[in-house]
Structures are given as structure tokens and as C-alpha cells.
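# give me coordinates for this.
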Amino acid sequence: MSAIYDAFKNVYASVAIVPIIPFLIVFFFMRARTGDRKLAIRKAMDVTTVFLITTVAVLINNRFGGSFGLYLILLIMLILAGLIGNAQNRARGKVDAARLFRAVWRLSFFGMSVLYVLLMFIEVIVIFGKAANS
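Model prediction:
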């Protein structure tokens, strides 16, 4: 059982390091299966968000030397859900949970994409800076 867990962990870590890989895999699979480009992009975004959240959490933990990265991301997502839910309640008089979750999830994709690029860029600069100083 330990071997299966280790294999799963290694595959997940390999794919999560470069989140464009699962995005492209899901996009091309869904595009070939359905033929609908918009649906393929939405599904690829939904799957890639999981990888982006975990990768950005690790990058935050590495950069700031803590273990609060995932909790910070979840806190921001909950605050965003509260704000969007409040706006839905004011506009329609009720909150549509499915639309609320989808909106937060897709906004998280865009936010995590920006943070991934920014934090990965900083990480590369720091690594090359340490290598140049040694």
C-alpha cells in the first residue's frame, strides 16, 4: 500500500510542478471528446485549479518560511465566497450555491495563475542568485 501511495504522490508532484501540463491534457481530451472549445477550456481550468492551489501553497510556504500557505489560500477563497454570496443575495434575494462555488473556483484559477507565475519567477531568481554567489 505504501508503494501505491508513494507512486501517486510522485506522479502528483511531477504534474503539479508545471500546471500547464494537466491543463493541456484535459483541454485536448475534452476538445477531442466533445468538440466544444469553451467547455474544454472550462473543464481544463477546473482541473488545473487544484494543482495551482497546492503548488502556490508550497511556493508561499517556501518563500515565507511557514506552513500557512494552504490556509491563507482557503481563507481568501472563503472571503471571496462571502463577498460574492452577499452580492448575489442583494441582487437576486437568494444565493445560488452552485454558481457561487463555480465563480470562486474560476476566480481562484486566475488568481493562482498570477501568483504561480510571480512566485515561480521569484523562486528562480533566488535559486540562480544563490548559485551565482557560491
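# pull out the buried positions in stretch 40-59.
Judged by neighbour count (16 or more other CB atoms under 10 Å), stretch 40-59 contains these buried residues: 40, 42-45, 47-59. Heads up, the C-betas are built off the backbone N, CA and C, glycines and all.
# so what's the gap between it and the chain middle?
Distance of stretch 40-59 from the chain centroid (CA atoms, centre = their mean, to the nearest Å) equals 3 Å.
# can I get it as CSV, trimmed to CA atoms?
Output of stretch 40-59 as CSV, limited to C-alpha atoms (Å, rounded to 0.1, in the frame of the first residue of the first chain):
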residue,chain,number,x,y,z
ALA,A,40,-12.9,22.2,-22.9
ILE,A,41,-11.3,25.4,-21.5
ARG,A,42,-13.7,25.5,-18.6
LYS,A,43,-13.0,21.9,-17.6
ALA,A,44,-9.3,22.3,-18.0
MET,A,45,-9.5,25.4,-15.8
ASP,A,46,-11.4,23.5,-13.1
VAL,A,47,-8.9,20.6,-13.0
THR,A,48,-5.9,22.8,-13.1
THR,A,49,-7.1,24.9,-10.2
VAL,A,50,-6.4,22.0,-7.8
PHE,A,51,-2.8,21.8,-9.0
LEU,A,52,-2.3,25.5,-8.9
ILE,A,53,-3.7,25.8,-5.3
THR,A,54,-1.3,23.2,-4.0
THR,A,55,1.7,24.4,-5.9
VAL,A,56,1.1,28.1,-4.9
ALA,A,57,0.7,27.0,-1.3
VAL,A,58,4.1,25.2,-1.4
LEU,A,59,5.7,28.3,-3.0
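# who touches it?
The contact list for stretch 40-59 (CB atoms under 8 Å, 6 or more residues apart in numbering) reads 15-17, 19-20, 22-24, 26-28, 30-31, 34, 69-70, 72-73, 105-106, 108-109, 112-113, 115-116, 119-120, 123.
# now, of these, which are buried?
Counted by 16+ other CB under 10 Å, the contacts of stretch 40-59 give 16, 19, 22-23, 26-27, 30-31, 69, 73, 105, 108-109, 112-113, 115-116, 119-120 as buried.
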